[in-house]
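[1] Need coordinates for the below:
(chains A and B)
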Amino acid sequence: MSPDPPPPPPPPPPPLLEIDDLRVEFATEDGVVHAVDGVSYRVERGKTLGIVGESGSGKSVGAGTILGLSRAANATISGRILFEGRDLVELPAEEMRHIRGNEISMIFQDPLSSLHPFYRVGRQLSEAIRVHRDVSKAAARTRVVELLELVGVPDPNRRVDEYPHEYSGGMRQRAMIAMALANEPRLLIADEPTTALDVTVQAQILALMERLQRELGMAIILITHDLGVVAEMADEIAVMYAGRIVEIAPTASLFAAPQHPYTWGLLKSIPSLEGEPGEELIPIPGRPPSLINRPSGCHFHPRCAYAQPSHAQIDPALLPVTGAPGHLVACLLGEQARRRDWAALKAGTVPVAAAAGSDEGPA
Amino acid sequence: MSPAAAPTEPLIEARDLVKHFPITRGIIIQRQVGAVQAVDGVSFEVRRGETLGIVGESGCGKSTTARLVTRLLDPTSGEVHFEGRDITKLRGGDLKALRREMQIIFQDPYSSLNPRKTIGSIVAEPLVIHGIHKDEADRRRRVQELMEIVGLNPEHYNRYAHEFSGGQRQRIGVARALALQPKLIIADEPVSALDVSIQAQIVNLLRRLQREFNLTLVLIAHDLSVIRQMCDRVIVMYLGKVVELAPNASLYGFPRHPYTGALLSAVPVADPASRRARPLLTGDVPSPANPPRACRFHTRCPKAQPICGEEEPRLEDKGNATLAACHFPLTREEADARLPAGLASRPAARG
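    Residues are numbered from 1 along each chain as shown, chains lettered A, B, ... in the order given. This next block holds a predicted model:
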């Protein structure tokens, strides 16, 4: 008897989250704000995507839109947000509430303003459970104590009955994480989760998030301005500028061979703890553009030391980088030019335009 | 960085500074029920022409120390000497004259500039207050010169602060601090409110001013990378105490206090190749209203022994010109385990 032929491998499951050409615009008195402008990415189960950008890059609006947080009267949202195959853009508000805090959770930068000062921490956390689960108050409380213990709040049996002001900053962020994890979400969106914290506490919170991800198998979207944080946490990194992804790559590839001059700028404008003291920082001249009147062509060209006149007309597409799987960049420079320019910058040669000064006049 | 200053008399000397803020209960009849021990016995000197960094986490007393040194706050006890003179009790005209010598650059460029005033009048204000350049055209020339120095367009003299971005506002704050040509500038977290790409502009500006004007600068920051870039000597504070005071190279090459080691190991490094397993501190910084006994760090310290909770360690010489307040300072191996690969004495295998 011949053995049965092995069954064909099942088709790979769709990614946990797939965002396709997402656009979010807000109509305001001053004009239309193009907060998110054609963003696409995917997040696999159990993986971490880091989204890096400065204020006004659209990184927070984009992530909030996943949870329906930008559904305002003046907002126009288009594109697709496929979460396990369901399109969240089209989902009615009522169904969205079942997903929010249940299948997808979010933690915010400032834990003090995310917790209600009036109610005990335990009550706020059990509300997050009882909204989605039909459990008794006593059962919810037991679960809350468990959760506080899981995130490392000392003496959870006592602290569950305290108010947010009785918690320190790090404890509040732990409580927020506990609340976000209450229903074991498959995706956690963390928007600058450690920016308001001291550096030793930040290290604890990041270690906590890594441990919980391992134990619970959830995926994380980590939004931050800190390249150090994503270097330690993320599997893949997207760099956003003026509402778009300008570069996206596996973490090792992004740091080994960054392709976009904006990414270079971010890397060279932070002092390194390991670098030579007195090493010249190379700032990005100017400031992030208004999302109402964006520069023509490549949105970065007015601040780019390598821009050619034509870059003000041509809008670059996000294209794969040769020889670097999964690495995409939206830049009009040729690959050879980019390799040469980054090598020079890394060696400490200041590009001419950046050295020329940084005064850009008032808005 | 500025060249090492000649061993002359220090510009500023803080002697055993203490600042306790009372905690009171009651609305009409207030009684003191405790005190926030913001600064508790801090001594250091600032040498002419040097940049001294003060680093620590929130609540460590670094900003309070700056305000005590500049007499924006009066100490509970202790003394501040400026050019050899005790300034702790100065009042009236003498205090005003002292203010000319010391200026502060604040953290938040949004709340530290009056929105109803033009940039020109903000930068000119110190000159008006101290009666320098009384002639208006003269004053305007000086203000525009200052704007030029900090990289602002002098034509924007009549604009308002809200028209400027965070980085430019911080330049305005720097111009205002420079206006009186003070002998000392204290910069309290000058870049932490700014976007990443803008921070470098301000760090480079301060470094250029350091070089060009041979400034004496006290830089207060929580960011160890910025401190390393700019400072000759560094003070590390924890809960109102100085735990380590060392020249830049010693502090970043061989930290001795376990808290300094913890700070250095906690900094995320923007290089996945130097990802490292690191010893984490447990818990948060305790409240300065009720700090731990003896060594204030002993509740979080991985090396703590019973004596650390009983006897306060003195700030003493541990070699390499480093002063540290610790019964069990880090060994070479322990320091290397906490330093990022590029700073450790025997770089760990990378990749």
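[2] Tell me the first helix or strand C-terminal of the lengthiest helix in chain B.
    The residue-count maximum for a helix in chain B (DSSP state H) belongs to helix B:196-213. Using DSSP states H and E, the next helix or strand after helix B:196-213 towards the C-terminus is strand B:217-221.
[3] Would you mind extracting the C-alpha trace of that next one into PDB?
    What follows is strand B:217-221, C-alpha atoms only, in PDB (Å, rounded to 0.1, in the frame of the first residue of the first chain):
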ATOM      1  CA  LEU B 217      26.700  76.500  31.300                       C
ATOM      2  CA  VAL B 218      24.700  74.300  33.600                       C
ATOM      3  CA  LEU B 219      22.700  71.900  31.500                       C
ATOM      4  CA  ILE B 220      19.900  70.100  33.200                       C
ATOM      5  CA  ALA B 221      18.500  67.100  31.300                       C
END
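[4] Could you list every helix and strand in contact with the next helix or strand after it?
    Note on strand B:217-221: by DSSP H and E, the next helix or strand toward the C-terminus is helix B:224-230. Counting contacts by 3 or more Cβ pairs under 8 Å, 6 or more residues apart in numbering or on different chains; DSSP states H and E, helix B:224-230 is packed against strand B:51-55, helix B:196-213, strand B:217-221. For every residue, glycine as well, the C-beta is placed using N, CA and C.
[5] Mind putting those into CSV with mean neighbour count, mean pLDDT and distance to chain A?
    As requested, the helices and strands packed on helix B:224-230 are exported to CSV (neighbours: other Cβ atoms under 10 Å in any protein chain shown; pLDDT from 0 to 100; distance: least, Cβ to the nearest Cβ, whole Å):
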stretch, mean neighbour count, mean pLDDT, distance to chain A
strand B:51-55, 26, 95, 10
helix B:196-213, 20, 86, 4
strand B:217-221, 25, 94, 11
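[6] looking at the ones you listed, which is closest to residue B:298?
    Shortest distance between residue B:298 and these, using Cβ to Cβ, is found for strand B:51-55: 20.3 Å.
[7] Give me the sheet partners of that closest one and which way each runs.
    strand B:217-221 (parallel), strand B:233-238 (parallel) (DSSP bridges).
[8] How far off centre is the shortest one?
    Averaging C-alpha positions (Cα atoms, centre = their mean, to the nearest Å) puts strand B:217-221 3 Å from its chain's average.
[9] now that strand against helix B:196-213, angle please.
    160 degrees (axes from the mean of the first three to the mean of the last three Cα atoms, to 10 degrees).
[10] Equivalent analysis for the longest one, please.
    The directions of strand B:233-238 and helix B:196-213 differ by 130 degrees, with the same axes, to 10 degrees as the criterion.
[11] quick revisit: output the strands paired with strand B:51-55 in a markdown table; the columns should cover distance to residue B:32.
    A markdown table is the format used below for the strands paired with strand B:51-55 (distance: least, Cβ to Cβ, whole Å):
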| stretch | distance to residue B:32 |
| --- | --- |
| strand B:217-221 | 29 |
| strand B:233-238 | 25 |
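[12] Indicate which one of these is closest to residue B:58.
    Taking Cβ to Cβ, strand B:233-238 is the member of the strands paired with strand B:51-55 nearest to residue B:58, at 11.1 Å.
[13] could you check whether the helix or strand that comes right after that closest one is close to chain A?
    Toward the C-terminus, strand B:233-238 is succeeded by strand B:241-247 as the next helix or strand (DSSP H and E). No: shown here: strand B:241-247 not in contact with chain A (Cβ under 8 Å from any Cβ of the partner chain), separated by at least 11.0 Å.
[14] and strand B:241-247, what does it pack onto?
    Using 3+ Cβ pairs under 8 Å, 6+ apart: strand B:241-247 touches strand B:31-46, strand B:233-238, helix B:258-266, strand B:323-324.
[15] buried set for it?
    For strand B:241-247, the neighbour count (16 or more other Cβ atoms under 10 Å in any protein chain shown) marks B:241-247 as buried.
[16] which among those gets closest to chain A?
    Taking Cβ to the nearest Cβ as the measure, chain A lies nearest residue B:247 of the buried residues of strand B:241-247, at 11.0 Å.
[17] Surely that closest one and residue B:321 touch.
    Yes: counting by Cβ atoms under 8 Å, residue B:247 does reach residue B:321; the two are 5.3 Å apart.
[18] re the thing from before, just put the helices and strands packed on helix B:224-230 in JSON lines and tack on distance to residue B:169.
    Below are those laid out as JSON lines (distance: least, Cβ to Cβ, whole Å):
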{"stretch": "strand B:51-55", "distance to residue B:169": "23"}
{"stretch": "helix B:196-213", "distance to residue B:169": "10"}
{"stretch": "strand B:217-221", "distance to residue B:169": "18"}
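[19] The ones you listed: which one's closest to residue A:102?
    Closest approach to residue A:102 among the helices and strands packed on helix B:224-230 is made by helix B:196-213 (34.1 Å; Cβ to Cβ).
[20] CA atoms of the closest one as PDB?
    C-alpha atoms of helix B:196-213 as PDB (Å, rounded to 0.1, in the frame of the first residue of the first chain):
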ATOM      1  CA  VAL B 196      13.500  65.000  17.200                       C
ATOM      2  CA  SER B 197      14.700  66.800  14.100                       C
ATOM      3  CA  ILE B 198      14.600  70.100  15.800                       C
ATOM      4  CA  GLN B 199      16.500  69.000  19.000                       C
ATOM      5  CA  ALA B 200      19.700  68.800  17.000                       C
ATOM      6  CA  GLN B 201      19.300  72.400  15.900                       C
ATOM      7  CA  ILE B 202      19.200  73.600  19.400                       C
ATOM      8  CA  VAL B 203      21.900  71.300  20.700                       C
ATOM      9  CA  ASN B 204      24.200  72.500  17.900                       C
ATOM     10  CA  LEU B 205      23.300  76.200  18.700                       C
ATOM     11  CA  LEU B 206      24.200  75.800  22.300                       C
ATOM     12  CA  ARG B 207      27.400  74.100  21.400                       C
ATOM     13  CA  ARG B 208      28.300  76.900  19.000                       C
ATOM     14  CA  LEU B 209      27.600  79.500  21.700                       C
ATOM     15  CA  GLN B 210      29.700  77.500  24.200                       C
ATOM     16  CA  ARG B 211      32.600  77.700  21.800                       C
ATOM     17  CA  GLU B 212      32.200  81.300  20.600                       C
ATOM     18  CA  PHE B 213      31.400  83.000  23.900                       C
END
